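S.K.: What would the 3D arrangement of this be:
(chains A, B, C and D)
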Protein chains: 2
Amino acid sequence: MSTAEETTGGEVEPWEEVTPDAARRLLVAAVEAFAERGYHATTTRDIAGRAGMSPAALYIHYKTKEELLHRISRIGHDKALDILRTAARREGPAKARLADAVGSFVRWHAGRRTTARVVQYELDALGPEARAEIVALRRQVDAEVRGIIEDGVASGEFDVPDVQGTTLAVLSLCIDVARWFTVNGPRTPEEVGALYADLVLRMVGAE
Amino acid sequence: MSTAEETTGGEVEPWEEVTPDAARRLLVAAVEAFAERGYHATTTRDIAGRAGMSPAALYIHYKTKEELLHRISRIGHDKALDILRTAARREGPAKARLADAVGSFVRWHAGRRTTARVVQYELDALGPEARAEIVALRRQVDAEVRGIIEDGVASGEFDVPDVQGTTLAVLSLCIDVARWFTVNGPRTPEEVGALYADLVLRMVGAE
DNA sequence: GGCAGCACTAAGCGCTCGCTCACCTGGGGC
DNA sequence: GCCCCAGGTGAGCGAGCGCTTAGTGCTGCC
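M.R.: Residues are numbered from 1 along each chain as shown, chains lettered A, B, ... in the order given. The predicted structure is shown next:
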């Protein structure tokens, strides 16, 4: 472990946008705890303890436990959407863009599975207004993938009878990686990304 | 609603093997509550309330709240495995057997999504010994699907470079249906089953 | 009618939860 | 030297948790 940025499982935690330092430590601790046990099974004492602070310190930086989840979910969705957008809006044929999008999206879900788990599976723990904000981001994620598939159908690269259904299936496949992937397994995030990119190209009839 | 068997979302609840009646009502109430809010966010008072009983009544039929989850998980996994086995062990080419297996597995996850959600997503709430029992069942589920794919590769029907990885992806795709499917959506369980069977045949190079 | 057996309830125990509050502390400005 | 105050702590509040216990009423058998 060469720097303080390396944490459990070799994941790098790029929460640089969260300041001050104590707030970031609490947030990283919350991500780990939520991913391991789920939001409802995690106590504020556990989060504060992992960050090396007293339970009361949490409330200096966050109003409630739910605000922690909201911040994590928001930042995580922004990052996931950014990854997809970068791949979707490149130059090139739809086939290459879809493979790139799926590959990088899956690498993120595998390599940063701690964050991805919280982001993808703890949505229901948010209150109505926070959930609505996140759901809007998810619609944008859906639109990016659907856009690539529509482009491929229009150009004749893909053969897809049900564009919306296939979009849903592709995203579902990628997201579920966060549920089963483990660093102790036989595959690296890169390998899973490559396998999934190939499988998705088959699903859209591009191979 | 013609009979007492119809519940929220039009799902039929075939928990006939659970007796006596009060124990079944409690179990059905627990399935609904766990599916809506998750195991940890569900209280024993909520379960008993949904079943029209006092909180203490739960402990006449079940030792703990966890035993309820264990029973649900066990019965659900048995049912899911049974569905897959029935399709996998039929006569016929691997292509037809895989389409049948995926179609029926997906129809179950969509049509009985309340149960499927609890079964597939609340595994970590179980204690070590109960979890080990369920994990063993999941390995059998994996073996059934992998068996069909291996058969298809051997007979030349399928073109699959990574059998274990593809098996994992197919199961992941099917299971995640329980997360996103809703009875208010535009598709019926039958439609999703047919769409997914087609997508999976493409994934194994059978179309 | 009388009574045993059992499904069920009302009340509540001990505990832990999310969160608060009164107090402390150490480094910067003058 | 002194104050200030952001950022922290220890103790603990009210609430709600999983679960228990003492007692109640209903049912079937004689």
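S.K.: Following the chain onward from the host helix or strand of A:V119, which element is next?
M.R.: A:V119 is located in helix A:113-121, with elements delineated by DSSP states H and E. Tracing the chain C-terminally past helix A:113-121 and defining elements by DSSP H and E, one meets helix A:128-154 next.
S.K.: how far out from the middle of the chain is the helix or strand following that next one?
M.R.: Scanning forward in sequence from helix A:128-154 by DSSP H and E, the next helix or strand is helix A:163-175. Offset of helix A:163-175 from its chain centre (CA atoms, centre = their mean, to the nearest Å): 15 Å.
S.K.: Can you name every helix or strand that helix A:163-175 contacts?
M.R.: Under the contact definition 3 or more CB pairs under 8 Å, 6 or more residues apart in numbering or on different chains; DSSP states H and E, helix A:163-175 sits against helix A:94-111, helix A:128-154, helix A:189-203, helix B:163-175, helix B:177-180, helix B:189-203. Yep, even glycine has a C-beta here, placed from its N, CA and C like the rest.
S.K.: Would you tell me which of those helices gets closest to A:W180?
M.R.: helix B:163-175 (6.1 Å; CB to CB).
S.K.: re the thing from before, next, format the helices and strands packed on helix A:163-175 as TSV and append mean pLDDT, distance to DNA strand D and mean neighbour count.
M.R.: What follows is these, written out as TSV (pLDDT from 0 to 100; distance: least, CB to the nearest atom of the strand, whole Å; neighbours: other CB atoms under 10 Å in any protein chain shown):
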stretch	mean pLDDT	distance to DNA strand D	mean neighbour count
helix A:94-111	96	30	23
helix A:128-154	96	19	16
helix A:189-203	97	34	22
helix B:163-175	98	26	22
helix B:177-180	96	23	20
helix B:189-203	97	31	22
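S.K.: what does chain A put close to DNA strand C?
M.R.: A:T42, A:T43, A:T44, A:R45, A:D46, A:P55, A:A56, A:Y59, A:T64, A:K65, A:E66 (CB under 7 Å from any atom of the strand).
S.K.: Quick one, grab the pLDDT at A:A56.
M.R.: Looking at A:A56, its pLDDT reads 93.
S.K.: which residue packs closest to it, ignoring adjacent ones?
M.R.: A:A48 (7.8 Å; CB to CB, 6 or more residues apart in numbering or on different chains).
S.K.: Tell me, how many residues neighbour the one you found?
M.R.: A:A48 has 20 neighbouring residues, counting by other CB atoms under 10 Å in any protein chain shown.
S.K.: just how off-centre is the helix holding A:V119 within its chain?
M.R.: 6 Å.
S.K.: Among the residues of chain A next to DNA strand C, name the ones in helices.
M.R.: Here DSSP state H is the test, and these give A:T44, A:R45, A:D46, A:Y59, A:K65, A:E66 as lying in helices.
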